[in-house]
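Student: mind looking at a prediction? Sequence and model below.
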Amino acid sequence: MAKYNEIAKRKREAKADRKRAIHGDPLTNKLKTRAPVVSVSGKHQKKLLRKWRREQKDMVEKGLVTMEDVEMASADAASEDSKTPSRKFSMKKTLKLNKLKNKGKKKKSQKAGGEVSANQMLE
């Protein structure tokens, strides 16, 4: 068993040396530490989006009618209240899901337009 441990130790050392040669600093041969990817779960993303919408709604009710005013006021409040940067969420995934759900369905305006044009052709 001792022989196996020695062989495994050498393999680990060789693997670490290869990693240092490829990814390490050329002068010190130390591996660079990478910052972990900050991911936001879907649940937390929805929560933050709801909070953002609620703030927007409150601003409109207070009298800031135009969207430019709302955006500026929410940006000012966010910068004063919290030191954390505001996050932007991509909504592409939900748009794609909505398109897939509505695939094959015709809108009311298209149905009504199609019937009217067919009636006009008959006359």
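Tutor: Now that the structure is in, tell me what you want to look at. Numbers count the residues shown, from 1 in each chain.
Student: for residue 36, give me phi and psi.
Tutor: phi -70, psi 150 (degrees, to the nearest 10).
Student: typo on my end, it should be residue 31
Tutor: phi -70, psi 140.
Student: which residue, other than its chain neighbours, is closest to it?
Tutor: Nearest residue to residue 31, sequence neighbours excluded (Cβ to Cβ, 6 or more residues apart in numbering): residue 24, at 5.1 Å. C-betas here are computed from N, CA, C, even on glycine.
Student: my read: the one you found touches residue 32, true?
Tutor: Yes: using Cβ atoms under 8 Å, residue 24 makes contact with residue 32 at a distance of 7.1 Å.
Student: what about these two, which has more around it?
Tutor: The residue with more neighbours, out of residue 24 and residue 32, is residue 24; 16 against 7, by other Cβ atoms under 10 Å.
Student: from residue 56, how far off is residue 98?
Tutor: As for residue 98, its distance to residue 56 is 21 Å (criterion: Cβ to Cβ, to the nearest Å).
Student: neighbour count for the two, which is higher?
Tutor: Neighbours per residue (other Cβ under 10 Å) separate residue 98 from residue 56, with residue 56 holding more: 16 against 11.
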